[in-house]
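Enquirer: Please work out how this folds:
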Amino acid sequence: MPRVALTFFAALVASLSLMAAPSTASAETVIESSALVNGYPATLTFKVTVRADSDITDVTLNYAIKGRGTSALDKPKNLTPARNLSTEVVIQVNSSSNYIPVGSDFTYHWEITTADGGTYRGPDLEFFYLPPGKDWKNVSNEFMTVYYHGDRENIASAYLKAGVDTYERIGKQLYNITLKQIPVKVIMFADEAESDLARPGSGSTYDSAVTTCGTKVEIDIILLIPVACGTPDRTDTLRHEFGHTLNETAGEGVPGERGLGKLPSWMDEGAAVYAQSSPGDYESAFTAAARSNRLIPFSQMSVPVSNPNQVGVFYGQSWAMVSFLVDKGGPSAFSADGDHQGRETL
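Expert: Below you'll find the predicted structure:
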């Protein structure tokens, strides 16, 4: 047989063999839709509709929050195998066992398993968690973003400017640090009632007795309201809470780098008040307590005060300690060995 004919015959046999062999391709799995229902302030509901050529036996939601360094898995509570199904995963975001603050930046995807052993990983999706029903806007710089709604652009810009000043004075001049987890996200609510929904709720007597103008809920998330709180300068709330972010960065450091160690409460709160444009009412509370011999024993100041009537004294006394240490030894001595100096001095 001529060589050309042999070549054609061999190719024909190979082609027929491939046609006769069973296909090894996995059954097709398609995510037809994926949606997220924002049930602020309690839940986030992740919904998915899937179809496959084989029964779908398992659905997993894989999600992570940027900057946290961890990921989590969750599954629907009930799932009946089928080739076409719609299901959901509900995540509690503000319960006694789980708290995920607004300002969290989610990445997530679905993972599907079918009865024939096939697996499918859906595309990566993103979601930025803010209270729904508001026209959220923002102003930002290279390390901070302030989110606001309504006619509050001027105060949002003032907060941003205060953040720049605080970073320079506390982060760079006092601690000599650089923020690693950025941007720091500042969520500005209209009032305390609105912000209370976003805070981790305990319903305690302490919470009801203390006005909360701002809270650092994560190293990169600050919640606040645009009011003056203890000083004439309403940006002091931002300075104070951002001070906590800088304290944590300096004290605990970042993975792979050595920090100063976890700061005792007196130093954390004292340095946060020191970050303000003035100590305001906290200085007055400290002065009054000193005159009437009502200062808090230093041995009790390594943990937060539990009595709401002592909050002002605790903050003022903490500020006085930090201010004294900085004035005595200078910024470098304070940031290098503040806790040791405090124990030796007091």
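Enquirer: Show me the helices in this protein, by range?
Expert: Using DSSP state H, the helices of the chain run over 3-20, 153-166, 192-196, 205-209, 236-252, 265-274, 281-291, 311-345.
Enquirer: among the ones you listed, which is nearest Ile31?
Expert: In terms of C-beta to C-beta, the element of the helices of the chain nearest to Ile31 is helix 3-20, at 30.8 Å. In short, each C-beta sits where N, CA and C put it, glycine included.
Enquirer: thinking again about what came up before, looking at the helices of the chain, which is closest to Gly117?
Expert: With C-beta to C-beta as the measure, helix 3-20 is the member of those nearest Gly117 (23.2 Å).
Enquirer: pLDDT score for the residue nearest the centre of the chain?
Expert: Closest residue to the average C-alpha location of the chain: Glu218 at 4.5 Å, with C-alpha atoms, centre = their mean. On pLDDT, Glu218 comes in at 95.
Enquirer: and Tyr63, bridged to which residues?
Expert: Beta-bridge partners for Tyr63, by DSSP bridges, are Ala72, Tyr108.
Enquirer: so can I have a markdown table of the helices of the chain showing mean neighbour count and distance to Tyr99?
Expert: A markdown table is the format used below for these (neighbours: other C-beta atoms under 10 Å; distance: least, C-beta to C-beta, whole Å):
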| stretch | mean neighbour count | distance to Tyr99 |
| --- | --- | --- |
| helix 3-20 | 9 | 57 |
| helix 153-166 | 18 | 24 |
| helix 192-196 | 15 | 14 |
| helix 205-209 | 12 | 14 |
| helix 236-252 | 24 | 17 |
| helix 265-274 | 25 | 20 |
| helix 281-291 | 17 | 28 |
| helix 311-345 | 19 | 22 |
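Enquirer: Export the ones you listed as TSV, with columns for mean pLDDT.
Expert: Listed next are these as TSV, based on pLDDT from 0 to 100:
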stretch	mean pLDDT
helix 3-20	38
helix 153-166	98
helix 192-196	94
helix 205-209	44
helix 236-252	93
helix 265-274	96
helix 281-291	97
helix 311-345	79
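Enquirer: ok, back up a step: so the residue nearest to the centre of the chain touches Val102, yeah?
Expert: No - between Glu218 and Val102 there is no contact under C-beta atoms under 8 Å: 10.5 Å.
Enquirer: show me what contacts Asn98?
Expert: 91-92 (C-beta atoms under 8 Å, 6 or more residues apart in numbering).
Enquirer: Tell me the spacing between it and Asp74.
Expert: Distance from Asn98 to Asp74, counting by C-beta to C-beta, to the nearest Å: 11 Å.
Enquirer: Give me the common contacts of the two.
Expert: The contact sets of Asn98 and Asp74 overlap at Ile91 (C-beta under 8 Å, 6+ apart).
Enquirer: Having no further points to raise, I will conclude here.
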